[in-house]
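K.L.:
return a 3D structure for these sequence lines:
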Amino acid sequence: MSEKRICVGALAGAFGVRGEVRLKSFTAEPEAIAAYGPLWSEDGTRSFEVTLVRPIPKGFAARLSGVSTREEAEALRGLRLYADRDALPTLPDDEFYHADLIGLDVFDTGGQRLGRVSAVHNHGAGDLLEVTGPGLKTPALLPFTRAAVPTVDLAAGRIIADPPAGIFRDDGK
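P.N.:
Now for the predicted structure:
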C-alpha cells in the first residue's frame, strides 16, 4: 500500500438489504470520512465514493459506489478504507496521524533506545503507543501524552520518551 494513504475507516458488513454497509469511521470528525473520497482498499485495487445515509450505533449506514446488493456489501466485511493523504486536513504541530507514528524509534531522555512503535491504540482514555524492542518480552504501552512523550521528531524518525516508572520493566514487578 502507498505511504501516501492513511486508514480512515473500516467496513463491518452489510446494513439492510439494499447494499448499504456498516461503516466505522476512524477520523476525528466521524462524518468527515465521506469528504475524503474516493476511499481505497488497502491494496489500492478498488476505490469507492462514500455517501453517508444515517448514523447507526458505532458508525454509519453508508452507500459505496459499485455496491448495490446485500451480498456485495457483506463480502466487504473487514475491509479497511484508506484516503489519499492529500485529501486529509493538515494537522497542527502537536498532532499526528497514527500512521506517521508507527515505525518510529523510541529513546529515553538519556538517549537509550527503548524500542520501536509497532501500533497505536485508543480505548477511549487517550492514545497508547505500543513499543516493542529486543529487551521486552511483551510490548510496552506508553501513554501518548506530552508528559510521557515530550518530543516527536518525524524528520529524524524518532520519539523521545520520559515514560512513567515501570512501563519498560520486564522483571514482573
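K.L.:
following the helix or strand of the chain with the lowest mean pLDDT, which helix or strand comes up?
P.N.:
Using mean pLDDT, DSSP states H and E, helix 98-101 stands out as the lowest-scoring helix or strand of the chain, at a mean of 88. Per DSSP states H and E, the first helix or strand lying C-terminal to helix 98-101 is strand 105-108.
K.L.:
for the spatially most central residue of the chain, what are its contacts?
P.N.:
Geometric centre of the chain, nearest residue: residue 98, 5.0 Å, by Cα atoms, centre = their mean. Residues near residue 98 by Cβ atoms under 8 Å, 6 or more residues apart in numbering: 7, 120, 127. (Glycine included, C-beta is placed from N, CA and C.)
K.L.:
narrow these to those in strands?
P.N.:
The members of the contacts of residue 98 that map onto strands under DSSP state E are 7, 120, 127.
K.L.:
residue 133: which of the residues you listed is nearest?
P.N.:
Of all these, residue 133 sits closest to residue 120, with 16.2 Å by Cβ to Cβ.
K.L.:
picking that back up, closest one of the contacts of residue 98 to residue 75?
P.N.:
Ranked by distance to residue 75 (Cβ to Cβ), these are led by residue 7 at 19.6 Å.
K.L.:
and the closest one, how many neighbours?
P.N.:
Residue neighbour count, defined by other Cβ atoms under 10 Å, stands at 17 for residue 7.
K.L.:
how is the residue found closest to residue 79 once you drop the neighbours it is linked to in the chain assigned, secondary-structure-wise?
P.N.:
Distances taken as Cβ to Cβ, 6 or more residues apart in numbering put residue 11 closest to residue 79, at 4.7 Å, once the chain neighbours are dropped. The three-state label given to residue 11 by DSSP: H, G, I helix; E, B strand; the rest coil is strand.
K.L.:
so what's residue 11 up against?
P.N.:
Neighbour list for residue 11: 21, 22, 23, 24, 73, 76, 77, 78, 79, 80, 81 [criterion: Cβ under 8 Å, 6+ apart].
K.L.:
repeat that with 10 Å
P.N.:
Neighbouring residues of residue 11 by Cβ atoms under 10 Å, 6 or more residues apart in numbering: 21-24, 39, 41, 48, 59, 62, 64, 67, 73-81.
K.L.:
pull out the buried members of the residues you listed.
P.N.:
Using 16 or more other Cβ atoms under 10 Å as the burial test, the contacts of residue 11 include 21-24, 39, 41, 48, 59, 62, 64, 67, 73, 76, 79-81 as buried.
K.L.:
which one among these gets closest to residue 160?
P.N.:
Once Cβ to Cβ is applied, the member of the buried ones among the contacts of residue 11 that ends up nearest residue 160 is residue 80, at 30.4 Å.
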